[in-house]
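Peer 1: Below: sequence and its predicted model.
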Amino acid sequence: MLRALLVLVSLTLATGAYAQHKHGEKGPNGGRLVEAGDYHIELFTRDGAIDVNVMDHDNKPQPTKGYKGLVILSVQGKSQRIVLEPAEPSRLSGKAEGALPADAKGVLQISPPNGKTVQARF
Amino acid sequence: MFRTITGALIAATLAVISATPSVRAHEGHDHGPETPAAPASISPRGEAHSDNIELVAVAQGNALLFYVDAYASNAPINDATIEIETPDGPMTAKPLGDGAYRLDAPFIAKGGHLDLIATVSANGNSEILPVTIDIPSPSISGPDNAVSRTGVLAGVFGPLPQSPLFAALLGFVLGAIVVSVFRFSRGKAGALLIIGLASLAVNDAQAHEGHGEEQPATIVASEERAQRQPDGAVFVPKPIQRIFGLRTIRTREGMFQRSTELPGRVIPDPNASGYVQTALGGMLSPPRGGFPRLGTTVKQGDVLAYVTPPLQAIDVSDMRQKQGELDQQIAIVQRRLARQESLVTTGAVARAQVEETKLELEGLRDRRSGLETVRREPVPLIAPVSGVIADGTPVNGQIAQSNAIVFHIVTPGKLWVEALSFDVLPGIGSASAKTSNGQSLRLAFRGSGLADRSQSVPVHFSISDAGTHLRVGQFVTVFAETGEKRSGIAAPRSAVVRTANGQDFVFEHTNAERFEPRPVRIEPLDADRVLIAAGLETGKRLVVQGAELLDHVR
């Protein structure tokens, strides 16, 4: 009985130390991985455009039909607002002004059709 | 009995497991540092920060108020432009002054989870910050709803504190009851099952209460005031932070020279001050223009007063006698001179003899007139240095004793501090002093005595930046840097708050509107700063202004 109790107590303490994500992690396709609420977002910045892959927590692509997205980026001290539209089955894309640096900082907002908007900083 | 306690402990552990947020959270994910909940009576709010900017958004009525501050110093930023990405598209907030900005937001009326993206542009730099505000919907209201949905248990325990400790307590009690009941039937399995169910029920009650969207709390009239949280932290809304004038610094650990505290007194610089004393006792009389008053600037060589030595009765008779004697001698010598002058033509008297007699007569006359002047002429008292009259209130006609100090002249910019040290200080680097009203002075070491003076050694410092506000004789506390170096965080004295039990505390700015007291061990560093030797890490935000006000928040 006492042993069972000890096991339970140690279990309680152990659950506190669960695995954590690190910053700057790469996605399955080599893009920047950003976590936003219920989604994993893989971010690609190209010359004049931005693409995001929407995935679930197991990195499985999610259909993005009916999704809306918005990215606000800070490029060289100026902010840029980019609206994202569904492009491929699990991708949202938007056009940007000029080249975007690969490590641009900003905020991403994804609005699924169910209305539960999520946002993340990257 | 043992079994009862063990069973109860198991139930308590299960309850804690199910109530611990880390277990209920999505596994394998770090959702970033959780923002501790604001008090229930406060308006719905959200916060975000970057390395430079701290942003707080508050929903008030049909408007959103934004407070923008510098992240490290907590100083309001007034000249920022804030563009907000709202559900109705991008909007710009209007500045209200004092780091506050307002945005009319009709879309918040329906409540719910609000995701905003704020672009704050200040000083040619723009920062993009996501802010989330959970606004309770005004349509669903009433605790009746809540009770019917979450069941009786939640209704009963809902308002109670929702901490793992509480869950453990509840589990323990339930477990104890259940095990006592089942002891007789020896139905261990059944007992455990019910223990589990009990802990799940606790969890259920918590889970439902925790969700703002499903079970919104009724909107309480918002009262923006600072309040002490149950965990000891102080919640201060941004407008109140402005009133308190709270400022912070980023802590940085470093090596600092230790300093020793010594009691000291302000003394005049011995080379720039002086006494005006009378060598002779006598009656004081003013110079032309009167005695210099206190605070008057005098120059070296100025005549400050005259002393007229009095003539005692015995001296007077003595002088009369002397006068008579001299007068008599003068008369005799005059006669002799007249006789000799008449004879010198005949050659009976030598010319040299006549000249001698003349000189004798002159000498006697001089002595006679000297006696007269001593009686009349007063002695001038002269300023030995230039400076200001610091002390001395002579009165016309006052009789001063010999060696009496008539004036004390001090040069205001040139003051020293004499401190008393119980040990001989090996090598004193720089030093500073603090007056009783909190002014700090820079000191330069001048020397220390070797002779023991009431079990301590006098140490002299000159004040480098003595203004006109210092008094001679004023007590000061001297902080002298000695050889030892210590590592720690240097913080202004104003950052440290001493509580009633004598414990030293500082306040750490943990979240935008949350300040947590941290017990620290402090050591003296210098007049303005203390060294935090333990209790605070580097890179934290430490309240350096307004800490006393935070401490008084209840």
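Peer 2: Structure's in. What do you need? Quantities reported herein were computed from a predicted structural model and do not represent experimental measurements. Numbers count the residues shown, from 1 in each chain, chains lettered A, B, ... in the order given.

Peer 1: how would you label residue B:336: helix, strand or coil?
Peer 2: helix (DSSP: H, G, I helix; E, B strand; the rest coil).

Peer 1: Can you report phi and psi for the residue nearest to it when sequence neighbours are not counted?
Peer 2: Counting by Cβ to Cβ, 6 or more residues apart in numbering or on different chains, residue B:336 lies nearest to residue B:357, which is 5.7 Å off, once chain neighbours are set aside. (Each C-beta comes from the backbone N, C-alpha and C, glycine too.) In this entry, residue B:357 is assigned phi and psi values of phi -60, psi -40 (degrees, to the nearest 10).

Peer 1: what's the neighbour count on residue B:238?
Peer 2: As a burial measure, residue B:238 scores 26 neighbours (other Cβ atoms under 10 Å in any protein chain shown).

Peer 1: Local confidence estimate at it?
Peer 2: pLDDT for residue B:238: 91.

Peer 1: which residues sit in contact with it?
Peer 2: Residue B:238 is in contact with B:56, B:58, B:67, B:69, B:99-100, B:512-513, counting by Cβ atoms under 8 Å, 6 or more residues apart in numbering or on different chains.

Peer 1: Nearest to chain A among the residues you listed?
Peer 2: Nearest to chain A among the contacts of residue B:238: residue B:512, at 15.5 Å, using Cβ to the nearest Cβ.

Peer 1: So the residue nearest to residue B:336 is in contact with residue B:338, correct?
Peer 2: No - using Cβ atoms under 8 Å, residue B:357 is not in contact with residue B:338, being 9.6 Å away.

Peer 1: Which helix or strand contains the nearest residue to residue B:233 once chain neighbours are set aside?
Peer 2: Nearest non-adjacent residue to residue B:233, counting by Cβ to Cβ, 6+ apart: residue B:516, 4.5 Å away. Per DSSP states H and E: residue B:516 is located in strand B:514-519.

Peer 1: Could you measure from the residue nearest to residue B:233 over to chain A?
Peer 2: 20 Å (Cβ to the nearest Cβ, to the nearest Å).

Peer 1: Let me know whether that residue touches residue B:508 as I believe.
Peer 2: Yes - under the criterion of Cβ under 8 Å, residue B:516 makes contact with residue B:508 at 5.1 Å.

Peer 1: Pick out whichever of those two has more residues nearby.
Peer 2: residue B:508 (21 against 18).

Peer 1: Let's verify the more buried one: helix, strand, or coil?
Peer 2: strand.

Peer 1: thinking it is in contact with residue B:515, fair?
Peer 2: Yes - Residue B:508 is within contact range of residue B:515, at 6.8 Å (criterion: Cβ under 8 Å).

Peer 1: returning to what we had before: just send the contacts of residue B:238 back as JSON lines, with pLDDT too.
Peer 2: Compiled in JSON lines, those are given as follows (pLDDT from 0 to 100):
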{"residue": "B:56", "pLDDT": "92"}
{"residue": "B:58", "pLDDT": "90"}
{"residue": "B:67", "pLDDT": "93"}
{"residue": "B:69", "pLDDT": "93"}
{"residue": "B:99", "pLDDT": "89"}
{"residue": "B:100", "pLDDT": "91"}
{"residue": "B:512", "pLDDT": "91"}
{"residue": "B:513", "pLDDT": "91"}
